[in-house]
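*Asks:* Please work out how this folds:
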Amino acid sequence: MTDNKEVSVKKQVQESLLRHCQETGNYVFDNEIVKEISKQVGFGNPFDATKVDSTEQLSNFLIEEDYFILHLGEGNHKFVKGIDKGFHEFEEVPEENICDWEYRKSLLNEYDTSESNILSVAFNQRITHHFLYGDKKASAKVYQSRRTKKSISYNVGEERIETSRLQMEIDQTFDREGIVTVIVSKYG
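*Replies:* Below you'll find the predicted structure:
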């Protein structure tokens, strides 16, 4: 375990999980081992240990070893080699693509700062329409947050990933002219 006092307890759990998988040679692990290791290091929310939305939430050890965590469904997870296959560093927005936007105040715009509310404001202000379709007046069908469990297979690089009843959350979906756009929002 790293002696760095700045390493969060969540990151300590991640580091211990990867070390455990390296020792056993099996990079698939379940919630039971997450709970066990969380208890050992004093992390009170074991289910949060495997939720990583950005590379800033990965321990230095995972970054050095070049692994990230994927959810497989039904309480199973997997360390996958190649952080660059799991995360994308966003490019700078060119100055010519930045524009002023007239803000139209509305009663509920600033009511809360939830991901759902921010997506609603972007939709109601027509920012989403402009960004997706280049047209503030574009008409699209919108579907709000939904959760579903699906068993899917996909590749991460050359590695085949099989999931079983993987819970997926979609924050907003647009359907326009046969093209579907899925939005997942992260705040903070």
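
*Asks:* Without its sequence neighbours, what residue ends up closest to the residue nearest the centre of the chain?
*Replies:* Closest to where the C-alpha atoms of the chain average out (C-alpha atoms, centre = their mean) is D53, at 3.9 Å. With C-beta to C-beta, 6 or more residues apart in numbering as the measure, K186 is the residue that lies nearest to D53, at 5.2 Å, once sequence neighbours are left out. Glycine gets a C-beta too; all of them are placed from N, C-alpha and C.

*Asks:* Do you know the pLDDT at that neighbour?
*Replies:* For K186, the model assigns a pLDDT of 76.

*Asks:* distance of it from D66?
*Replies:* In this view, K186 and D66 are 23 Å apart by C-beta to C-beta, to the nearest Å.

*Asks:* Same check on Y154?
*Replies:* From Y154 over to D66 the distance is 20 Å, taken as C-beta to C-beta.

*Asks:* who's more crowded, K186 and D66?
*Replies:* Residue environment comparison for K186 versus D66 gives the larger neighbour count to D66, 13 against 8, counting by other C-beta atoms under 10 Å.

*Asks:* Tell me the pLDDT of that one.
*Replies:* The model reports D66 with a pLDDT of 97.

*Asks:* Having no further points to raise, I will conclude here.
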